[in-house]
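Engineer: fold the stuff below for me.
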Amino acid sequence: MGLLSFKGERPSQSDALVAKNYCTEEELSALNSVVSAYLEFAEMQARRRIPMYMSDWIDTLDGFLKLSKHEILTHAGKISAKTAELKAKDEYKKFKALNLEDVSKVEKDYIKALEDMEMKLLGESKEK
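Structural biologist: Numbers count the residues shown, from 1 in each chain. Predicted coordinates:
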């Protein structure tokens with residue numbers, strides 16, 4: 001499945017839907033550094049009572065990324081969030097099927113109830 005980070009002994013479906021859970025330790029450290037620097041800047045601006053608008057934050061983040069020699073995305077990517085979510089759910093179902101013998105009857109019933117609810121919700125959304 002490719003997950004590198006999750007809570008507990010086994011990953012949950014919600015873990016599979018979080019992109020940063022696929023990052024290596026080094027990638028997470030770099031991400032945390034950029035976020036920390038960005039938040040420090042934001043706090044400094046707030047203390048100086050300098051108003052910042054969304055376009056200012058976008059420009060500032062791009063500046064931080066350029067300064068630290070990170071790539072800046074210039075497009076939304078090729079895969080939609082919905083497609084990525086469906087892929088992650090599909091991969092998680094495959095993972096669970098391979099590990100189903102490790103799951104208790106209560107967990108199996110819970111998984112089936114979730115799948116039934118998901119199918120019901122998908123059916124309702126297609127009707128609209």
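Engineer: and the residue nearest to Glu25 when sequence neighbours are not counted, backbone torsions?
Structural biologist: Once flanking residues are discounted, Glu25 sits nearest to Leu4: 7.9 Å by Cβ to Cβ, 6 or more residues apart in numbering. For glycine as for every other residue, the C-beta is placed from the backbone atoms N, C-alpha and C. Backbone dihedrals for Leu4, given as degrees, to the nearest 10, come out at phi -110, psi -20.
Engineer: and Leu4, how far is that from Gln45?
Structural biologist: 34 Å (Cβ to Cβ, to the nearest Å).
Engineer: now Gly2, what's its secondary structure?
Structural biologist: Put simply, Gly2 is coil when judged by DSSP: H, G, I helix; E, B strand; the rest coil.
Engineer: what segments of this structure are helices?
Structural biologist: Along the chain, the stretches classed as helices by DSSP state H are 13-16, 25-47, 54-67, 81-98, 105-127.
Engineer: for the residue of the chain most remote from its centre, phi and psi?
Structural biologist: Relative to the C-alpha centroid of the chain, counting by Cα atoms, centre = their mean, Arg48 is the outermost residue, at 33.0 Å. The phi/psi pair for Arg48 (degrees, to the nearest 10) reads phi -90, psi 0.
Engineer: from Ala42, how far out is it?
Structural biologist: Arg48 sits 11 Å away from Ala42, going by Cβ to Cβ.
Engineer: same question, Leu67
Structural biologist: 16 Å.
Engineer: can you read off the pLDDT for Lys126?
Structural biologist: For Lys126, the model assigns a pLDDT of 62.
Engineer: sorry, that was for Ile50
Structural biologist: The score at Ile50 is 92. That number is its pLDDT.
Engineer: ok, Leu98 next?
Structural biologist: Leu98 is assigned 80 on the pLDDT scale.
Engineer: show me the shaky parts of this structure.
Structural biologist: Applying pLDDT under 70 to the chain flags residues 1, 100, 103, 125-128.
Engineer: which parts of this protein belong to which domain?
Structural biologist: With domains defined by automatic domain parsing, the chain comprises 1-74, 79-128.
Engineer: circling back to that earlier point, okay, Leu67 and Ala42: which has more neighbours?
Structural biologist: Shown here are Leu67 and Ala42; by other Cβ atoms under 10 Å, Ala42 has more neighbours (13 against 10).
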